[in-house]
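Trainee: take this sequence and fold it.
(chains A and B)
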2 protein chains.
Amino acid sequence: MSERIAEGSEEVLRISRRVEIHTLEGADAETDRCLDAALRDRSSAAQAALDSFLCPHAIAVVGASADPNTIAGLLFGNLVESHFGGVVLPVNKKHPTVQGIAAYPDLASCPVVPDLVIVCVPAPAVPGVVAQAGALGVKAVCVISAGFAETGADGAALQASLVQEAVAGGVRLVGPNCTGILSGTADARFNATFSRAVPPPGRTSLLSQSGAIGLAVLEAAEVRGLGIGGFVSVGNSTDVTSNDLLLYWGQDPATDLILLYLEEIQDPRWFIRIARWVGRRVPIVAVKAGRTQAGCRAAASHTAALSGGEVAVDALLHQAGVIRAESIEEMLDLATMLSSQRRFRGHRVAILTNGGGPGILAADACETNGLVVPELTEPTAARLRSLLPPEASVSNPVDMIASATAQQYGQAVRILGAASEIDALIVMFNTPLLTRSSDVADELIASRVELSRDVPLVTVFMNREGPPWALREAAIPSFAFPENAARALGRSVAWEGRRDRPAGRLLRPDVDAHRVGRLVAAAVSRASDGWLAAVDAQALLAAYGIAVARATYVRTPDEAEAAQVELGCTVVVKVAAAIHKSDVGGVRLGVTTPAAAADAVRTIRADLESAGIDAAASELLVQEQVESGQEMIVGVNHDPLLGSLVMVGLGGKLVEVLGDVAVRIAPLTDDDIEDMLQSLKSYRLLTGYRGAPALDVDALRQVLHRVSALVDDLPEIAEMDLNPVFVLEKGAVAADVRIRLADHSSSLS
Amino acid sequence: MSERIAEGSEEVLRISRRVEIHTLEGADAETDRCLDAALRDRSSAAQAALDSFLCPHAIAVVGASADPNTIAGLLFGNLVESHFGGVVLPVNKKHPTVQGIAAYPDLASCPVVPDLVIVCVPAPAVPGVVAQAGALGVKAVCVISAGFAETGADGAALQASLVQEAVAGGVRLVGPNCTGILSGTADARFNATFSRAVPPPGRTSLLSQSGAIGLAVLEAAEVRGLGIGGFVSVGNSTDVTSNDLLLYWGQDPATDLILLYLEEIQDPRWFIRIARWVGRRVPIVAVKAGRTQAGCRAAASHTAALSGGEVAVDALLHQAGVIRAESIEEMLDLATMLSSQRRFRGHRVAILTNGGGPGILAADACETNGLVVPELTEPTAARLRSLLPPEASVSNPVDMIASATAQQYGQAVRILGAASEIDALIVMFNTPLLTRSSDVADELIASRVELSRDVPLVTVFMNREGPPWALREAAIPSFAFPENAARALGRSVAWEGRRDRPAGRLLRPDVDAHRVGRLVAAAVSRASDGWLAAVDAQALLAAYGIAVARATYVRTPDEAEAAQVELGCTVVVKVAAAIHKSDVGGVRLGVTTPAAAADAVRTIRADLESAGIDAAASELLVQEQVESGQEMIVGVNHDPLLGSLVMVGLGGKLVEVLGDVAVRIAPLTDDDIEDMLQSLKSYRLLTGYRGAPALDVDALRQVLHRVSALVDDLPEIAEMDLNPVFVLEKGAVAADVRIRLADHSSSLS
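Mentor: Residues are numbered from 1 along each chain as shown, chains lettered A, B, ... in the order given. Next up, the predicted model:
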């Protein structure tokens, strides 16, 4: 170790203290038990703050207008018409009545202090209104008005003064620049938005970071008959965020499902914990937009190239247990499914149809979406046979042919719903000729009652009228096409399979905190462009118990000869600098003699010299050549918002070509690691592929645990490639190591 | 070569004759010029046969019923109401009038001989009706009646007698077991189906192999306002098939777009040629159902494992130039796009919106679907800036904010449509507050006229009313969600990029036909379970000019020693049998000395003996070890319907794990080969990856041309793996070869 770093320097102390704390917290830091208390505290706070927004008794609308061609007029009209059980208070400086209701010149003049104030006045007047609200003791203000940070520097200054007034007055803010709040619960029903649509009341809640998308989803919900219990348009999210609303709805007994439209995930590390906690009880479906804005930065490591932008967001939502919808339509389909069905038994689907083609399409769509369409057992087939004409098909899909009656639909659903080989039913009703849709719907509703509650009954009415409305009222989900039904069912079943998974355990390796502190401080002082010297990178891995192939650093052909003799095996000679070595001719494999080792040093230097990068060849490495095992990659990337990402995948030179990798946000639990490994195509190569011996997957798991602990302790690590890591029959050993530290290490402590 | 095969044996002659003919036909056999004549002949025949079905002057309905609750009653009522310009003739044994129209007791009693007879009588009576029609000189009969081959053996017998009567009487048949024929062209408008929906007349034609899907698509077309020019439900396809209708519609000046719902592709090798030919003029969109029924057979070669079922169907549709829709909804979306837009300039899209969130979703969806959303040039931005308020965003997506007026929509479309950096426009109109949808639609229609005809204008109205009807009448496509718009646009642009590609050239290697004949005959006699002996497989490849690594066959350790000396390089020792050698320990790499070669023979035998498969080790191969280059795989699989499939991909042991392969149906043109190679992730590895030298891709192309010719000559080849094929800096050489012949070689000649 370098002696330039004093033992007691601030840097060393700071890092070793951090490692010590992590070690003391140990493996329990992220377990359910410990998180639970923190989440309960946050949840109570969210409830206290948000109750006034979502369950108010008196709502004032400042700027309420008589003109229905203005946003303020539209919103106030909606509120008046929404059968709100409490008091509505229009505030208007100029008019004594608004839309037939007595108005007040300002908030202070209102006969009662409102719980919730909706502000529609021009932006410059908003901070004053918030100040007045604060003075009156109002706790909740929703600012509709636009003209704040979204418009530029002046607006941002105005937004700052708005927030200042809110903080000073103890007021919580939704908005500004939002479309309002809607509630459709039994306790509080009101529409303080300028949506033209009023979806039926229900148990699904919706948060939107885009006003236009929020309104579009409300309109679509109305058309589909999807009940909405709560809707908040968060606008510029100055105060109340998606995390607050997740905590609120997660504890709300009136909420069964949460929908999110997100363009940005605020406080993402807490988002993961909150969503995972909430998701145990209430499924969360999110559309995350803005995919294409991230990514695209030039990456110096394989891991950074493969784990940027969208991949990181996917990892985050996956770890958070959130169902990511690929489109607004898929979010609506999932809402249709999950709002009407609480449990999903499994993935074996029976398809019931009155037309062959639609049955085949449904079967295709099931298989595409991870569901199976199993053969029926003979007892089930026999029951169907006694019900149906001989031309019908009693294999799965069950084709009752065009003559099928409503009664036959009802009976067939009872038979299939009771079959133990079946977990879910997709019932297709195609263009009705002789049988009426409404009769089929009535029979389905009657038979649904007799099904087990964890057997979903999903319908597809492929005709111009769409599904009979009675199905919606009976909470039987219906879709226009079999592909939508199968996709929503498949994703719901997959979610059910994950919902009860434990958070998993963090395994904490035993680390010498002081040694790590000294090591990092020394390494930083020697790093070049942030890249650690090979000797420091290897020492750091060693401190965390990660095996690296035996190596000696050499500067001359003579030293290389000696090193080969000392290692006494086939060696690799390569440049020590943290570059992509094989790309520049900086690696010689299969060196078996001392003379060949010396020669390798010379030819590498010559090659790098002719490439004009001879400086990179000042120090070289003579390293034991690992001859067996499977080459994998383990790596780290740092995202400014999400923190450290850990990657594992098929390694070697082709890692970026093949892209067979899995990425998760650190710290990794044992469950995360298992999930990552199983998702790799190359996992098969580790477990005894085509007669090869099974490899030591557990050693690879240990590398991942240790890398996770390492980056949790040292978020200064901006990039790391262990590539390849050879997974052997016994053990796993990294053969090449590249680590880059961020410039701004002190800001990350 | 074996002397057991007489020089003049029948087998030798048969094969060498076939190779000779292919050689004489040379490279021209499949070119446009040669195919064109054949396709024109078929096309004329199709037109002659199908005109009576699709442009009849008099239509008789045999079994026409007065009861609207029967299929015959429904169909006849539809026909009467459909404003058919010709004569409708109900034929009913019992009633003198049907639905108010004078009826005839039989076809012979009709005052004119109908061009088209629709048959709705019970199945057993149908052959008699067809016989009568034939006797009268009727050329076209559509049989609605069910109860034929789809019901079992008795029905199949009845269908056979139906077909027999048709052939005897010179009658062409649509059906039986179908839902009828509909025409919506200017020349002939009639609805001889039992569809309740009547889509508007139009220039899109639809064929369905499922009656229920056909009806569902007609209903959806009505709802979307998608004009239908022709619809044929082919039912059991006893005579008129999808190929006939493709040829008919392909030459029909009233058809701009063809939609297919297929469960089975009849005569697939002609389907490819016909669809490719037709597709130059008219886009073809197909849903191919029944994905999951194929595949799943146990495969003895990598190629067979990776090219079965769905992969083969994908290859077929791709080579045919057909746009494969993943769902009925996507087919409808593509129809909405392609029926309203004839040309697509390119993939650079401008997005115009009045809400930020929808713009972001649209941009995401564009990137996901192979489109780009480029920055606007400063002149374009400046024009937009002068049009829009300062809060608007004039980067792409262009967000005109919620206050956008209809006039601003019109002006912005003109500006973006004239910008040379833009190839297509997606215009989003979100929940209207102050601006009316219909006004926006009017402005879009007015501005559309000024756009270049190859710049598509695509709209998304994200609200409950959907798009104003006026847009449909103006042929401006509209979608409910940006994802649907972007997907349909992206696939259309991709199709446009391929539509004008030439069919490509077949390269025909110079092959000694007689030598091939003798070789195959000898190889067959020596094959074990169909697998060729290694010596025969290598000789066959050599006959087609495909390089194989130098090798000697050995039976003893002494012979191995001698072989290593003779080859004089590092060698591989491996079993010669056509098994997956490395899976069973049957390969020794890196053998550098004669003693090591002898030892390798001994240890391989010992390993195979302990595995109980020592018989496989009777003959071994000492082969030059290829030390450089990239390992690829080239293979062949035989599909009973499609013929020979050729595969290329990343080779080596991991081929099935990585699945980076491309598959096409033989024969391969140069265009097919280029398309296959470019679609591989691993293509990058061949062209100078990360500083490595560029490899001889042309040599790999040659291997593919030669393998294609080989299997075209020898369809007896059931499976072939060349794995690995080393692509070197100069040349390409196969290092391992396995070939299996089908048992039924004589049936394939």
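
Trainee: could you use CA atoms for every contact and neighbour count after this?
Mentor: Fine.

Trainee: and the stretch 151-300 of chain A, which residues reach chain B?
Mentor: With the criterion set to C-alpha under 8 Å from any C-alpha of the partner chain, the stretch 151-300 of chain A comes near chain B through A:151, A:209-213, A:215-216, A:219-220, A:223, A:263, A:289-292.

Trainee: farthest pair in the residues you listed?
Mentor: A:Thr151 and A:Val223 (33.6 Å; C-alpha to C-alpha).

Trainee: that older thread, are any of the residues of the stretch 151-300 of chain A next to chain B buried, and which?
Mentor: Among those, those buried by neighbour count (16 or more other C-alpha atoms under 10 Å in any protein chain shown) are A:209-213, A:215-216, A:219-220, A:223, A:263, A:289-292.

Trainee: center of chain A - which residue?
Mentor: A:Leu317 (0.6 Å; C-alpha atoms, centre = their mean).

Trainee: looking at this, that one is in a strand?
Mentor: No. Judged by DSSP: H, G, I helix; E, B strand; the rest coil, A:Leu317 forms no part of a strand; its state is helix.

Trainee: thought A:Phe271 was touching it, still the case?
Mentor: No. Between A:Leu317 and A:Phe271 no contact is recorded; they are 9.0 Å apart, counting by C-alpha atoms under 8 Å.

Trainee: buried sites along stretch A:575-590?
Mentor: Those would be A:575-580, A:584-588, A:590, for stretch A:575-590 by 16+ other C-alpha under 10 Å.

Trainee: what residues does that stretch touch?
Mentor: The contact list for stretch A:575-590 (C-alpha atoms under 8 Å, 6 or more residues apart in numbering or on different chains) reads A:531-534, A:553, A:570-574, A:600, A:604, A:607-608, A:611, A:616-621, A:625, A:737-739, B:690-692.

Trainee: do the same with stretch A:375-385
Mentor: Here stretch A:375-385 makes contact (C-alpha under 8 Å, 6+ apart) with A:394-396, A:412, A:415-416, A:419, A:421.

Trainee: can I get these in CSV with distance to chain B, neighbour count and pLDDT?
Mentor: Below are the contacts of stretch A:375-385 laid out as CSV (distance: C-alpha to the nearest C-alpha, whole Å; neighbours: other C-alpha atoms under 10 Å in any protein chain shown; pLDDT from 0 to 100):
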residue, distance to chain B, neighbour count, pLDDT
A:Val394, 13, 23, 93
A:Ser395, 13, 20, 91
A:Asn396, 12, 19, 94
A:Ala412, 20, 24, 98
A:Ile415, 24, 18, 97
A:Leu416, 22, 25, 97
A:Ala419, 23, 16, 97
A:Glu421, 19, 17, 97
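
Trainee: give me the number of residues near A:Pro200?
Mentor: Neighbourhood size, A:Pro200 [other C-alpha atoms under 10 Å in any protein chain shown]: 18.

Trainee: so what secondary structure elements neighbour the host helix or strand of A:Ser43?
Mentor: Assigned by DSSP states H and E, A:Ser43 falls within helix A:32-54. Secondary-structure packing of helix A:32-54 (3 or more C-alpha pairs under 8 Å, 6 or more residues apart in numbering or on different chains; DSSP states H and E): strand A:140-143, strand A:180-184, helix A:242-250, helix A:268-279.

Trainee: highest mean neighbour count out of those?
Mentor: When you average the neighbours per residue for each of the helices and strands packed on helix A:32-54 (mean count of other C-alpha atoms under 10 Å in any protein chain shown), strand A:140-143 leads with a mean of 29.
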